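Trainee: Dropping a prediction and its sequence here:
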Amino acid sequence: MSRVYNFSAGPAVLPECVLKEAAEEMMDYKGTGMSVMEMSHRSKAYDEIIKTAEADLRELMNIPDNYKVLFLQGGASQQFAMIPMNLMKNKVADYIVTGQWAKKAYQEAQKYGKANKIATSEDKTFSYIPDCSDLPISEDADYVYICENNTIYGTKFKELPNTKGKILVSDVSSCFLSEPVDVSKYGIIYGGVQKNIGPAGVVIVIIREDLITEDVLPGTPTMLQYKIHADAQSLYNTPPAYGIYICGKVFKWIKEMGGLAAMKERNEKKAKILYDFLDESKLFKGTVEKKDRSLMNVPFVTGDADLDAKFVKEAKEAGFENLKGHRSVGGMRASIYNAMPMEGVEALVAFMKKFEEANL
Ligand SMILES: *Cc1c(COP(=O)(O)O)cnc(C)c1O
């Protein structure tokens, strides 16, 4: 068996111990004689899996009792519609557009009401987070929307926007469980799990209870109503059962690693190795404003597209996979999620140094 260092932005690297444990349990999950994949989602064994997963997530994020945790399907992208369908009571929402995912959410919301772009960093290819301390929040806005970590561009909100009392909705797909959060500051925190938590197919929505109502936009499909899923504790229909089981294992792993504060410390150390090198390199440079740098996604360039391609190719040959930047921006991007080991980043930097010497 040989494993590569996988810098994919998503689906992305998972902890090896989780993969091993899942492999061990593949044929016979805890004496049930079957795989979790083959198991009824109404069985006793599965009930324990999903309840334990939720309890561990609640503990990790210190989720207050007046928030529900939903394990849904449709990816983060489905939330782009589900959020306005459920929350747009006044049919007005304010969007802060800091990248492609926020932009897609903003565009989707326009189908359901008046979506206002109240701030954006598009003028500089999303390379920074705009000042959000005093934005023109709409008087009747049902919520203010952000994408907290911009996976493609490598920026992160280090401070939440001042929503002037409006509900904050945040897409945390690519920074989920990477550091502690104060859940009580949000109306909804959600994310697809395939970046930092588990296999694609699960989206976790953490939503304040008073936002879960029957008062949704007319025509909202049953499957897109938070209340339906909340009332059924994510078992209205068959959930992405195997995916949730893996998420549960990752929650346990993070707990063993010391929780979110320990994760943050580790992630800061990892990212610093790479950013420090980028700051001193004569060949490579980071592409975003330093104050807004993500701990999870690190884009960089040489300034020469051919040299970038050469780097990506040689890196792949050396066992560093998926370093090509998003097709919309080019260059390189190293995604260094929770499960990327310190050694992976150290090895990458050593490789970059060698490449620099050979190509400068
Ligand atoms: C990947 C990503 C998405 C899209 O996720 P899907 O599950 O593919 O719909 C949305 N938002 C962010 C921040 C992402 O990183």
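Mentor: Structure received.
Trainee: Ser178 is in contact with Ala261, correct?
Mentor: No - applying Cβ atoms under 8 Å as the test, Ala261 and Ser178 come out as separate, 11.3 Å apart. Yep, even glycine has a C-beta here, placed from its N, CA and C like the rest.
Trainee: Give me the more crowded residue out of the two.
Mentor: The neighbour comparison of Ala261 against Ser178 (other Cβ atoms under 10 Å) goes to Ser178, with 26 against 10.
Trainee: Can you get me the centre-to-centre distance for the helix ranked longest in the chain and its chain?
Mentor: The residue-count maximum for a helix in the chain (DSSP state H) belongs to helix 259-280. Here the centre of helix 259-280 is set off from its chain's centre by 17 Å, with Cα atoms, centre = their mean, to the nearest Å.
Trainee: Give me every residue in the stretch 51-200 of the chain lying close to the ligand.
Mentor: Applying Cβ under 6 Å from any ligand atom, we find that the stretch 51-200 of the chain lies next to the ligand at Gly75, Ala76, Ser77, Trp101, Cys147, Thr151, Asp171, Ser173, Ser174, Gly192, Lys195.
Trainee: can you tell me which of these are in strands?
Mentor: Cys147, Asp171, Gly192 (DSSP state E).
Trainee: Contacts only, for the last one.
Mentor: With Cβ atoms under 8 Å, 6 or more residues apart in numbering as the criterion, the residues that contact Gly192 are Gly10, Gly75, Ala76, Ser77, Ser173, Ala200, Val202, Val203.
Trainee: partners of it in the sheet?
Mentor: Val203 (DSSP bridges).
Trainee: so where's the chain uncertain?
Mentor: The chain contains no residues with pLDDT under 70.
Trainee: I'd like to know how many residues surround whichever residue of it sits closest to the ligand.
Mentor: The ligand sits closest to Gly75 of the chain, with a gap of 2.7 Å, by Cβ to the nearest ligand atom. Residues near Gly75, counting by other Cβ under 10 Å, number 17.
Trainee: can you check the one 3 residues further on too?
Mentor: Neighbour count for Gln78, taken as other Cβ under 10 Å: 17.
Trainee: for it, what are its contacts?
Mentor: Gln78 is in contact with Leu72, Val203, Leu224, counting by Cβ under 8 Å, 6+ apart.
Trainee: Could you pull out the helices in the stretch 51-200 of the chain for me?
Mentor: Assigned helices in the stretch 51-200 of the chain, in chain order: 75-87, 100-109 (criterion: DSSP state H, counting those that start in this stretch).
Trainee: just those helices: most buried one?
Mentor: The highest mean neighbour count among the helices of the stretch 51-200 of the chain, using mean count of other Cβ atoms under 10 Å, belongs to helix 75-87: a mean of 23.
Trainee: Domain boundaries for this protein, per the record?
Mentor: Taking automatic domain parsing as the criterion, the chain consists of the domains 16-256, 258-359.
Trainee: and Asn6, which of these is closest to it?
Mentor: domain 258-359 (4.9 Å; Cβ to Cβ).
Trainee: thinking again about what came up before, nearest spatial neighbour of the residue of the chain closest to the ligand, skipping sequence neighbours?
Mentor: Among residues not flanking Gly75 along the chain, Gly192 sits closest, at 4.9 Å (Cβ to Cβ, 6 or more residues apart in numbering).
Trainee: Can you tell me how far that neighbour is from Lys316?
Mentor: For Gly192, the distance to Lys316 equals 25 Å [Cβ to Cβ, to the nearest Å].
Trainee: residues in contact with the residue nearest the centre of the chain?
Mentor: Closest to where the C-alpha atoms of the chain average out (Cα atoms, centre = their mean) is Ser173, at 1.7 Å. Ser173 is in contact with Gly10, Ala76, Trp101, Cys147, Asn149, Thr151, Tyr190, Gly191, Gly192, Lys195, Asn196, counting by Cβ under 8 Å, 6+ apart.
Trainee: where do the strands sit along the stretch 101-250 of the chain?
Mentor: Remark: strands assigned in the stretch 101-250 of the chain by DSSP state E, counting those that start in this stretch are 114-120, 144-147, 149-150, 155-156, 168-171, 188-192, 203-208.
Trainee: For Ile273, state which of the contacts of Gly192 is nearest.
Mentor: Closest to Ile273, out of all of those and judged by Cβ to Cβ, is Gly10, at 21.5 Å.
Trainee: what about the residue lying closest to the closest one once chain neighbours are set aside, how many residues close to it?
Mentor: Leaving aside its sequence neighbours, Gly10 sits nearest to Lys195 (Cβ to Cβ, 6+ apart; 4.2 Å). By other Cβ under 10 Å, 29 other residues sit near Lys195.
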